[in-house]
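Student: Pasting the sequence and the predicted model now:
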Amino acid sequence: MEFETKAIHEGQAPDPQTGAVIVPIYLTSTYEQQAIGQHKGYEYSRTGNPTRNALEEALAALENGKFGLAFASGLAATTTILSLLKTGDHIVAGDDLYGGTYRLLEKVVKNWGVTTSYVDIDHITDFKTAIRPNTKLIWIETPTNPLLKIIDIAALANIARQNNIILVVDNTFASPYFQRPLELGADIVVHSTTKYLGGHSDIIGGAVVTSNEAIYAQLKFYQNAIGAIPSPFDSWLVLRGIKTLAVRMREHEKNALLLAEFLAEHPQVEHIYYPGLPSHEQHQLAQQQMSGFGGMISLELKGGFGEVESFAAKTKLFLLAESLGGVESLLCYPAKMTHGSLPETERLKRGIKDNLVRLSVGIEHFSDLQADLENALSK
């Protein structure tokens, strides 16, 4: 079954009781049991809910995984994965990653007695060098947030496998339409469903997908024990978003590529980050492990914060806002928004400069988006 068909049908068969084509929203907290220890598969909605289960089945299918789990946010999904670790364990993480993940690792997980080493993702061998006897997990994003670097998932999966380490890939920026890390050897895929999977900036959610039954059993236990699950209505909204994921991702990418080509030639742009451009350092790798380059662009303006502030104040269609992946275009200033939790020295060391802007390119008409950026850059 092709991706577009899976997105519409997997986990979403017509309701057997009524024939409803769309999965019902089961707004119930509990379920009648026929007798003690006898029920119809559901006991309590923190443990399982038919609407959420439909979403979890759909998520697994899109990533070509066996098991899916839905959460109340991307960070809830991340926290549940990190709950696999215990005091004394060690994580190796790529140095370019979402600020919220860095904050979780440094301000919360460290208090568990779990330490993290950050390595330069431009050098895959650095991951191997950073591995210790107590390393249990490798965490990466690809494309990364916000510098849109690409990491060789298959090569890193080989390193992880040789050392009996779990490899987790945050696939939020690419979405399963453009990249499926499990097929490249990753053990776990994580998403913020708030972004492209939901696609309409109207929910907060997260997801985990794996094909490892033992890992799934642990994560399923923690999902229930921790309880950071999405509501049935939020689950339904993500299911609705998934149905149009393929169509939206094609439009996101088409607009992003055209805008990246435009911005790369603009005199007010100092540097541009977009894996779809041949000038991108990992362009060839992106072509190999992705079927498309996504809708995210980062760029450095000539100047500093003053120029960024002026630019952000003049855009009309690119709305200054956190998040990404909705149908509308957004503009983000990582230094003070998504990566504001990083100390300045750490942020600058990782290449997140004061003149860096991140664009989430929506599915508006390209000419309107280009005119909006041109107007903001020319004044």
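Tutor: Received it, and whenever you're ready, just let me know what you need.
Student: Residue 236 and residue 29, how far apart?
Tutor: Computed as Cβ to Cβ, to the nearest Å, the residue 236 to residue 29 distance reads 16 Å. Using the backbone N, CA and C atoms, a C-beta is placed for each residue, glycine as well.
Student: More neighbours: which of these two?
Tutor: residue 236 (22 against 10; other Cβ atoms under 10 Å).
Student: For the residue lying closest to the more buried one once chain neighbours are set aside, list the residues it contacts.
Tutor: Once flanking residues are discounted, residue 236 sits nearest to residue 25: 4.8 Å by Cβ to Cβ, 6 or more residues apart in numbering. Counting by Cβ atoms under 8 Å, 6 or more residues apart in numbering, residue 25 touches 51, 232-233, 236.
Student: let's see it at 10 Å
Tutor: 49-51, 231-237, 239 (Cβ atoms under 10 Å, 6 or more residues apart in numbering).
Student: what's whichever helix or strand residue 160 is part of in contact with?
Tutor: Assigning secondary structure by DSSP states H and E places residue 160 in helix 153-162. For helix 153-162, contacts defined as Cβ under 10 Å, 6+ apart pick out 92, 94, 121, 124-125, 127-128, 131, 135, 137-138, 140, 142, 152, 165-169, 171, 179-187, 285, 288-290.
Student: make it 6 Å
Tutor: Residues from elsewhere that reach helix 153-162 (Cβ atoms under 6 Å, 6 or more residues apart in numbering): 124, 127-128, 138, 167, 181, 184-186, 289.
Student: how many other residues sit next to residue 217?
Tutor: Count around residue 217 with other Cβ under 10 Å applied: 11.
Student: For it, give me its contacts.
Tutor: Residue 217 neighbours (Cβ under 6 Å, 6+ apart): none.
Student: give me the element it is part of.
Tutor: Going by DSSP H and E, residue 217 is in helix 213-226.
Student: Spell out which residues make up each domain of this protein.
Tutor: Listed by automatic domain parsing, the domain ranges of the chain are 3-243, 245-378.
Student: so what's the residue nearest the centre of the chain scoring on pLDDT?
Tutor: Nearest to the geometric centre of the chain sits residue 172, at 1.8 Å (Cα atoms, centre = their mean). Model confidence at residue 172, given as pLDDT, is 98.
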